[in-house]
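In: Fold the following and give me the result.
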Amino acid sequence: MAIIAFIGLGNMGGPMARNLIKAGHTLRGFDMVAKNVEAAGATACKSAAEAVKGAETVVTMLPAGPHVRSVYDEILPACAKGTLLADCSTIDVDTARAVAKKAEGYGLDMVDAPVSGGTGGAEAGTLTFMVGGSARAFERAQPLLAQMGKTIVHAGGPGNGQAAKICNNMILGISMVAVAEGFSLAEKLGLDAQKLFDISSKSSGQCWSMTTYCPVPGPVPTSPANRDYRPGFTADMMLKDMKLAQAAANGAGQSIPMGAAAQALYALMVAGGRGSMDFSAIIKTLQGK
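Out: Modelled structure (predicted):
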């Protein structure tokens, strides 16, 4: 079993870290909120640089690109030769590639490995990891990621894990808006939500946003709609990901009109005070509630 430094032990990082401890690893942790380290069961360190000393692997789960750049600027000089680095944050592609290049300069293998599956997947150890990095780095990281997730896919070179995550979440954000619009229109037309679900979930309208995360109470008992939209994935986080997709599209010269429209709607939702709710509560914004 390995000594692992885990930096960023919040809503996602905490349960991911606990699964590594369950697998028998020794964890050294650092988080700006000290109680998060204790809750995860890791040995608390005073800084990120202290956490990585003596660690064979470093896992980071941080809010955004600037945090990732700052943390890796701090820890790279402190990492021992041969340390494996795995950044599981969802950030912009340019930052992921820049940090990977800097790690390479220190002779360290690194993967960008953002996740899909939300807090439920983090708790259950069923996350999907979209991994960017060299074939060697991926081979080294795969067994570790498998202790936190169920599906681990090598998406290509450095930054490609982030590219996959951005594209996936843009699709998710757009599809949730479409499903929410469909159920909102059904209500206005006098069509029962369960009837629409029974039909569309078995027809061409079927998608994950409907069958797993249905935005109206009733049809899918485990969806956030049945618990007052308490989040598995907040609207704030969805808006962040939609902005990442737009920035990537601008840089690549690719038009994403549906992505842009969905981003505007999530921005409206957040501006209306619903940023901490699950993103499926976009249906409330569409209904003017």
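In: What pLDDT is listed against residue 138?
Out: If you check residue 138, the pLDDT there is 98.
In: can you tell me which residues contact the residue nearest to residue 279 when sequence neighbours are not counted?
Out: When the adjacent residues along the chain are set aside, residue 279 lies closest to residue 238, with 3.9 Å between them (C-beta to C-beta, 6 or more residues apart in numbering). The C-beta positions use only the backbone N, C-alpha and C, and glycine is treated the same way. Listed by C-beta atoms under 8 Å, 6 or more residues apart in numbering, the contact partners of residue 238 are 169, 172-173, 266, 279.
In: do residue 234 as well
Out: Residue 234 makes contacts with 275-279, as judged by C-beta under 8 Å, 6+ apart.
In: just residue 205 next, same as before
Out: 179, 182, 199.
In: Can you mark which positions in the helix ranked longest in the chain are buried?
Out: In the chain, taking DSSP state H as the definition, the longest helix is helix 160-188. Within helix 160-188, the residues that qualify as buried by neighbour count (16 or more other C-beta atoms under 10 Å) are 160-177, 179-184, 186.
In: Now rank the contacts of residue 234 by neighbours and give me the top one.
Out: residue 279 (32 neighbours; other C-beta atoms under 10 Å).
In: residue contacts, that residue?
Out: Residue 279 touches 173, 176, 231, 233-235, 237-238, 266, 269, counting by C-beta under 8 Å, 6+ apart.
In: before we move on, the earlier item: out of the contacts of residue 234, who's nearest residue 53?
Out: Taking C-beta to C-beta as the measure, residue 53 lies nearest residue 276 of the contacts of residue 234, at 36.0 Å.
In: And that closest one, how far from residue 179?
Out: Separation of residue 276 from residue 179 (C-beta to C-beta, to the nearest Å): 21 Å.
In: Now do the strand ranked longest in the chain: distance to the chain's middle.
Out: When the chain is parsed with DSSP state E, its longest strand is strand 149-156. Centroid displacement of strand 149-156 relative to its chain, using C-alpha atoms, centre = their mean, to the nearest Å, is 13 Å.
In: which of the residues in that strand are buried?
Out: Under the neighbour-count criterion of 16+ other C-beta under 10 Å, strand 149-156 has 149, 152, 154-156 buried.
In: what's the span of stretch 148-164, first residue to last?
Out: Distance between the two ends of stretch 148-164: 19 Å, counting by C-alpha to C-alpha, to the nearest Å.
In: which stretches of this protein form helices?
Out: For the chain, applying DSSP H gives helices covering 13-22, 34-40, 48-52, 65-75, 93-105, 118-124, 135-145, 160-188, 193-200, 208-211, 235-252, 257-269, 282-286.
In: returning to that earlier point: can you list the helices and strands that the longest strand of the chain packs against?
Out: In this structure, strand 149-156 makes packing contacts with strand 127-132, helix 135-145, helix 160-188, judged by 3 or more C-beta pairs under 8 Å, 6 or more residues apart in numbering; DSSP states H and E.
In: need these in JSON lines with distance to residue 75, can you?
Out: Below are the helices and strands packed on strand 149-156 laid out as JSON lines (distance: least, C-beta to C-beta, whole Å):
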{"stretch": "strand 127-132", "distance to residue 75": "19"}
{"stretch": "helix 135-145", "distance to residue 75": "17"}
{"stretch": "helix 160-188", "distance to residue 75": "19"}
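In: Out of the ones you listed, the one nearest residue 79 is which?
Out: helix 135-145 (14.0 Å).
In: Now do the closest one and strand 127-132, the angle between them.
Out: 170 degrees (axes from the mean of the first three to the mean of the last three C-alpha atoms, to 10 degrees).
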